[in-house]
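Chemist: coordinates only, sequence not included:
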């Protein structure tokens, strides 16, 4: 059955009126609420509560009237809103409150040097100094919002000028300079600025330099591995097929990284007999290409006896 809070107001008033009228008659008083609830599809206890509240509103029963209950609920909601607003104000004031561990004002004890090499005023932390310089109190959070209307500070103006200079220098050099070169460019132009400032201003503008492309490292020979003898004496010539095969390795840059291709070529016919592609440069890459060439010749019944295979690691 539906919840009591979802019953229409019309149904509630009608059911209450019918139940009150039946209860007023002695002949129909017994079981009046149960009969009305069954006829209108309302839970009996829900209807009993409606009737009880109607009797309270009519002065027939002691209790809190509906108007008074609504007024109390509204006041409780206002109290909760005020408590939540007070909590937010206390939380915001805690960020600009004077340090609880600072020495008393006027004492020269425990003066801590500032990060920039200077010395702070005794008994005052950074938030207190900022409040005193700007003319507002740290325990008044509403002044934080009022301070948003202040003109930009000298630091903000300086950063805006540097950001413009960085943007011009970056565009003038085809958007390829990084922070180090932009820093050198600005200092050559007479703009004194720190390298770290250039870095975070470029990061704020989402500007970056172009990184140099990495060179591909091909095979690296093992000095401890024996090298086969050069059987062709650097004379890459053949008078017929299946006499001399040469192997080579190529590589290309793709979106996924470097891709390596090994292939075997017949010197006489210039036909690629075997090939293999891989993203890793392992020994199996060249061996797979050679196995493919041998399998292709043997599949058609050709004899490869006396074949010489030559590569940059000799024959």
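Modeler: Yep, it's here. Bear in mind the structure is a predicted one, so any value in this text is a computation, not a measurement. Residues are numbered from 1 along each chain as shown.

Chemist: mind giving me the packing neighbours of the helix or strand where residue 68 lies?
Modeler: Secondary structure from DSSP states H and E places residue 68 in helix 66-95. Judged by 3 or more C-beta pairs under 8 Å, 6 or more residues apart in numbering; DSSP states H and E, helix 66-95 is in contact with helix 44-57. Placement of C-beta: from N, CA and C, glycine included.

Chemist: now the angle from the helix it packs on to helix 66-95?
Modeler: Interaxial angle of helix 44-57 relative to helix 66-95 (axes from the mean of the first three to the mean of the last three C-alpha atoms, to 10 degrees): 100 degrees.

Chemist: pull out the buried positions in helix 44-57.
Modeler: 46-47, 50-51, 53-56 (16 or more other C-beta atoms under 10 Å).

Chemist: which of the residues you listed lies closest to residue 299?
Modeler: Ranked by distance to residue 299 (C-beta to C-beta), these are led by residue 46 at 86.9 Å.

Chemist: that closest one contacts residue 7, correct?
Modeler: Yes: using C-beta atoms under 8 Å, residue 46 is in contact with residue 7, at 7.4 Å.

Chemist: that older thread, for the buried residues of helix 44-57, which one is nearest residue 251?
Modeler: Checking those one by one against residue 251 (C-beta to C-beta), the nearest turns out to be residue 46, at 79.6 Å.

Chemist: tell me where the stretch 101-250 of the chain has strands.
Modeler: Counting by DSSP state E, counting those that start in this stretch, residue ranges of the strands within the stretch 101-250 of the chain are 244-254.

Chemist: now residue 298: how far from residue 291?
Modeler: For residue 298, the distance to residue 291 (C-beta to C-beta, to the nearest Å) stands at 10 Å.

Chemist: again with residue 80
Modeler: Distance, residue 80 to residue 291, by C-beta to C-beta: 79 Å.

Chemist: the two - which one has more neighbours?
Modeler: For residue 80 and residue 291, the more surrounded residue by other C-beta atoms under 10 Å is residue 291, and the numbers stand at 14 against 10.

Chemist: my guess is that one contacts residue 275. True?
Modeler: No: contact criterion C-beta under 8 Å: residue 291 and residue 275 do not qualify, at 11.1 Å.

Chemist: adding pLDDT and distance to residue 89, write the buried residues of helix 44-57 out as TSV.
Modeler: Output for those, formatted as TSV (pLDDT from 0 to 100; distance: C-beta to C-beta, whole Å):
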residue	pLDDT	distance to residue 89
46	87	43
47	84	47
50	86	43
51	87	46
53	83	39
54	85	44
55	81	45
56	84	40
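
Chemist: now, which of these sits nearest residue 34?
Modeler: The nearest member of the buried residues of helix 44-57 to residue 34, counting by C-beta to C-beta, is residue 47 at 8.6 Å.

Chemist: in the helix holding residue 68, what's buried?
Modeler: Neighbour-count burial for helix 66-95 flags residue 93 (criterion: 16+ other C-beta under 10 Å).

Chemist: let me see the mean pLDDT of it.
Modeler: When pLDDT is averaged along helix 66-95, the result is 85.

Chemist: how far is that helix from where the chain is centred?
Modeler: 35 Å (C-alpha atoms, centre = their mean, to the nearest Å).

Chemist: tell me how far stretch 18-27 lies from the chain's centre.
Modeler: 67 Å.

Chemist: next: stretch 86-96.
Modeler: Worked out by C-alpha atoms, centre = their mean, stretch 86-96 lies 29 Å from the chain centre.
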